[in-house]
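Colleague: Requesting a structural model of the entry that follows:
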Amino acid sequence: MQNKNDFSEMITQCHSVGLMIWRAVSGAPEVAISPQIMQALVGLQEFLKTVEEDMLARSQSGVAARVLSISVDQKAISSWKEKLDFYLKLFNTELNIAANMKLDELIEMFEDFRQNSLGQIKNEGTEHTERAPVPPAPSRFFGRFSIVINAVKALLKREHITLLGPGGIGKSSIAKVVINNDEIAAKYKQRRYFVSYDDMDISQISFGTFIDRLARAFGIKITKSTSTSDIHNSILSHMAHDDLFLVIDNAETVLDADHDAGRIANAIAGFGDMPSLAIMITTRSRKLPPNLACTTVSVPALEEDAAHKLFTAVYSTVIPIHIVQKLLSALDFHPLSINLLAHAAVQNEWSPDELMDAWDKQQAHLLDIGEGKSQSLRVSIELSLHSPSIQKLGDYTLSVLQIIALLPQGVNKKKLSELFPTISTTISDILNKLSQHSLTYRAGDSHFTMLAPIRLYIATAYPTLDTRAAELLDNVKKYYYNQLENDGNQLWFMSEDANIERSIALGLGTDSHGNDVTKLATVCRACIQFIGQVKEVVSLLNEAKRLLPFGNRPEMRTECQLVLGNILQRTGNFTTSESEFQLGLDIATRSKDLNVVAEFQRVLGLSKSFRGKQAESIETFLEAYRYYEKQGNEEGMASVLSSMGFAQMYTDDLEASSQSFTSAFNIYSRMPGMDHYMEKPECLAGLSGVLHMQQRWDEARKLLNQTIKLVQDVNDQGGLARYLSIKGALEADAGDIEAGRRLVTSAVEVARRLSGGAEIPSEFLNWIKYISARNELHAGNSESAKLQYLKVERDCEEMSDIRFRARSLRALGEIALVQNDGARAKMYFQDTENLCNKMGIPTMRLYACHVCYRLNSNFKGWDMYQRREL
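Modeller: Numbering: from 1, shown residues only. Next comes the predicted model:
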């Protein structure tokens, strides 16, 4: 044909129109296609039939007629192009609305099709595709070498391998390293093929497109009229010829397709049955060909060292190690996310400080700078979310993902029906399917959770909870609230502590749960008593103060102030705790909540006593007591008397202290039920402390036995651990060190059970271990005491307990003096003095505490140091 160029342009237009239509309406039901497009399709079909008939007639004419038709060809082609221009513009107008595509973009996108069309003309209807080259190994590849080595060993034996993992975890990179491995190259030579479906949408996949891409990769010649079954047979023949290694990359695209997924899976399984073939599949989905015998390898995140090398290979600016560690751990060492973040830093020429600032402000955006499945976390996740198998699960699927994204530890798979009661029949299927698509994963044997980049994307892309998701979140919070009230097993608390804190925090900003701060108080006590998380508790409480709706609910703010002040006080932060109490008192006074005013006066009285302001302390107590007495509030009166009893004990006013404790206990005893099961033992322990100080051993022992029985009757294991250790101090001071040791050992066992069997730093264990060390020191076993005190001091530092850390340092100073090391003793005493200043207390008030924590008067070093005699 002499007008080949003109005719080729027309073919390009035909491809452009056809592919434009196919991309925009593929997979859509006919009823969803606009009437304008349907009418244009009919017109186009009739027009193309006319062209076909005209071309057929010309090809069947004689030589003379064909020569004479040259000018007619030009005229006809011009007419046909004009008509096609009309349809191209029409479809561009209509389909641009649906697909948001422009004409120039389409022409560029289908340039390859134009080239193929020219090839068809040159080869008189025969298409020949050159075999696809093996992609090079990535230039930056760190870690994963054990996966590569094991995969190579298996593939050399013609065993099949599946690399499974979420998008961006590095499956394709591993596959490219494997296919370029020297041993693989030596065995399979030029018969190594890497066939990727990365650029295809699930809706575009059919058995035909799957087979066509394989044939093109293999370089198989096919004609326009070759059937799909013939192409398939040609592929099988090619595979059987000699040893062959095939990588099917992004296989989830074809294995979870709208059409022909089963047929494609059977074809891959058939390939796997061939003795000449070794297959490696990379996929985000666990939906694999059921009849393919293969080893599945779950690709993990990078090790920290490999992640660091990947980041610094891109971002070569010198950066402090702690900044890199913070960034990489925040990304869960996810390779694609690390690569994207490093490139963003390079492109923007950020300094390390600017990078940290950008990360803090725009995390999700920094992970969405790539394009396509392999370079964009967003595209990868959205493709998984919109896969047919995920869509079939229904509307709750995204809601479940949103909830998991909110919970740092994910969801306990053994408690799914309790966490999600409204979808209890489907929640397992939803989570299993999400795991199959690597949107979530199983963390050990207990939880379904997700990688940090996926969590970040879900939380950012879908920040608003609809009615379904809000309902699920309410049920999750109710589960944790009920567990906090009813579950005495602290192993559960340890396994769910981050989720518990998040559940409480999520409710603090709403009025829907007025008891959230009460639950928060329970969490905070458990955090400190059982797992020693003081810093986390203070952080959580400060966040609560920020989130609470103070304007409408001042009582929530004052309760938060009360909890925070108590936590700070019991760990020795007396200056700060007094400030928090005073702020709470001011809020309560402004809101005219006099009961809360009296409660803050009570805790302020105790705070002033710790800080050596005894006169102010007693007056503050009495002011609160007078208010409660006027109101006839016996419970309030008893709470003030008990606190005042301890303040009087701390200043050795033993007679007044005994009277206060006795009065408080009598009031609590008159009250019905179990409402004050904690307060009555506390009063008895205070009375026994007074008797202990007076060395009235039998009377003190009798009261402690009564105290222990009370806590055993209500199964208060925390109280049991504490009072057993107090009795251990009593017995040791009474001269029976062996009885003291047995009691302390029993207390340690109870505390360990509360901590899930693990001996980790906690408030209870620190108190008990401190008493154990004290007992040994009093018994003259200074070396044993020293080792124990050193352990307590380190644990107290770890959990920010200044008070017991200071007492441990003072004891270590006394031991140093006993061991004739005056310089070391002075150093310990100086550290103790510094901690007293930090606590905001006079050094003489270091032992404003129960007698079981005091050292006896035989140890003079601390007093000598304060008099500057050391």
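Colleague: quick one, phi/psi of residue 858?
Modeller: Per-residue torsions, residue 858: phi -70, psi -20 (degrees, to the nearest 10).
Colleague: In space, what's closest to residue 663 - neighbours in sequence excluded?
Modeller: Closest residue to residue 663 apart from its sequence neighbours, by Cβ to Cβ, 6 or more residues apart in numbering: residue 641 at 5.0 Å. All C-beta atoms are positioned from the backbone trio N, CA, C, and that covers glycine.
Colleague: The one you found: neighbour count?
Modeller: Using other Cβ atoms under 10 Å, residue 641 has 24 other residues around it.
Colleague: same deal with residue 615?
Modeller: Per other Cβ under 10 Å, the neighbour tally for residue 615 reads 8.
Colleague: Quick check: which element contains it?
Modeller: helix 614-631 (DSSP states H and E).
Colleague: Spit out the contact partners of residue 411.
Modeller: Taking Cβ atoms under 8 Å, 6 or more residues apart in numbering, we find residue 411 in contact with 403-404, 419-420, 431, 447-449, 476.
Colleague: From those, which land in strands?
Modeller: Assigned to strands by DSSP state E, the following of the contacts of residue 411 qualify: 447-449.
Colleague: CSV please, covering these and showing pLDDT and distance to residue 266.
Modeller: Compiled in CSV, the ones in strands among the contacts of residue 411 are given as follows (pLDDT from 0 to 100; distance: Cβ to Cβ, whole Å):
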residue, pLDDT, distance to residue 266
447, 83, 35
448, 86, 31
449, 85, 34
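Colleague: Now that we have those residues, which of them are buried?
Modeller: 447-449 (16 or more other Cβ atoms under 10 Å).
Colleague: which of the residues in the helix holding residue 615 are buried?
Modeller: Buried positions in helix 614-631, judged by neighbour count with 16+ other Cβ under 10 Å: 614, 617-618, 620-621, 623-625, 627-628.
Colleague: about what we covered before: closest one of the contacts of residue 411 to residue 139?
Modeller: Comparing those against residue 139 with Cβ to Cβ places residue 449 closest, at 32.5 Å.
Colleague: Quick check: phi and psi on the residue nearest to that closest one when sequence neighbours are not counted?
Modeller: Nearest non-adjacent residue to residue 449, counting by Cβ to Cβ, 6+ apart: residue 410, 2.8 Å away. When read as degrees, to the nearest 10, the backbone of residue 410 gives phi 80, psi -160.
Colleague: okay, now residue 410: neighbour count?
Modeller: Other residues close to residue 410 by other Cβ under 10 Å number 22.
Colleague: ok now the helix holding residue 615, how far from the chain's centre?
Modeller: 48 Å (Cα atoms, centre = their mean, to the nearest Å).
Colleague: center of this structure - which residue?
Modeller: Central residue of the chain (Cα atoms, centre = their mean): residue 408, 3.8 Å from the mean position.
Colleague: Hmm, residue 498 and that residue touching each other?
Modeller: Yes. At 4.2 Å, residue 408 counts as touching residue 498 under the criterion of Cβ atoms under 8 Å.
Colleague: Can you show me the strands along the chain?
Modeller: With strands called from DSSP E, the chain shows them at 126-128, 160-164, 192-196, 221-223, 244-249, 277-283, 294-298, 411-412, 441-443, 447-449.
Colleague: Now do the second one and strand 277-283, the angle between them.
Modeller: Okay, so that is strand 160-164. 10 degrees (axes from the mean of the first three to the mean of the last three Cα atoms, to 10 degrees).
Colleague: Give the other helices and strands that strand 160-164 contacts.
Modeller: In terms of contacts (3 or more Cβ pairs under 8 Å, 6 or more residues apart in numbering; DSSP states H and E), strand 160-164 is packed against helix 145-156, helix 171-179, strand 277-283, strand 294-298.
Colleague: Touching that strand from outside, list them.
Modeller: So strand 160-164 is contacted by 147, 151, 154-155, 171, 174-175, 272, 278-284, 286, 288, 292-299, 438 (Cβ under 8 Å, 6+ apart).
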